[in-house]
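S.K.: got a structure for you, letters missing:
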């Protein structure tokens with residue numbers, strides 16, 4: 001489903017992009033936190049298309065889109081948007097933000113990401129334009145060990161950043177793929193419809 005422009009007051013639109021290879025319970029927790037804490041009218045989950053920054057090959061786009069729809073479509077005020085998968089060439093977040101701004105010229109855009117992505121933001125394509133188009137909302141997970149340094153925005157840009165408080169959930173798509181390849185259970189890490197889809201389509205299994 002692609003977001004359509006609506007009439008009325010200015011909207012608060014969230015954007016959460018990622019490979020979602022596969023989508024998991026921590027992704028869903030972040031989505032719920034963003035909708036609630038940012039008081040969003042809509043949150044657009046955007047599976048990436050041809051990711052310029054990924055060293056590994058992603059699973060086919062139609063599988064990642066289908067899994068994202070299974071994981072997120074029933075969440076309130078959340079839509080899964082295929083625009084990056086439908087776009088040819090490398091996927092850049094700035095292009096998605098520009099398209100959404102064209103749909104909603106008066107909307108306030110909120111780009112949701114993890115701390116690792118926030119640290120890497122200066123390496124992104126047209127990253128200063130990303131900052132101009134959207135408020136960057138950084139998911140801050142509680143780290144009881146203190147082993148991971150907290151992301152701190154540059155003074156010159158700190159007005160363009162917000163923090164999201166999300167529960168500590170040691171879940172990663174990398175670990176899930178490895179577990180599936182090793183024929184281990186992932187029932188607590190992905191939602192049942194996603195697990196069934198992975199099994200039905202033999203995803204992440206070694207040859």
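M.R.: Looks like it arrived, so ask away. None of the values given here were measured: they were computed from a predicted structure.
S.K.: quick one: average pLDDT of stretch 191-207?
M.R.: For stretch 191-207, mean pLDDT rounds to 93.
S.K.: and what of stretch 14-24?
M.R.: Confidence for stretch 14-24, expressed as mean pLDDT, is 97.
S.K.: go on, stretch 138-147?
M.R.: Mean predicted confidence for stretch 138-147 is 66.
S.K.: ditto for stretch 50-66
M.R.: pLDDT averaged over stretch 50-66 gives 83.
S.K.: which residues sit against it?
M.R.: 19-22, 47-49, 80, 82, 85, 89-92, 120, 123, 125, 197, 201, 203-204 (Cβ atoms under 8 Å, 6 or more residues apart in numbering). (Each C-beta comes from the backbone N, C-alpha and C, glycine too.)
S.K.: Narrow those to just the buried residues.
M.R.: Neighbour-count burial (16 or more other Cβ atoms under 10 Å) is assigned, among the contacts of stretch 50-66, to 19-22, 47-49, 80, 82, 85, 91-92, 197, 203-204.
S.K.: Now go through those and say which are in strands.
M.R.: When strands are assigned by DSSP state E, the members of those inside them are 47, 80, 91.
S.K.: pLDDT for those - can I get that in CSV?
M.R.: Shown next, in CSV, are those (pLDDT from 0 to 100):
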residue, pLDDT
47, 97
80, 98
91, 87
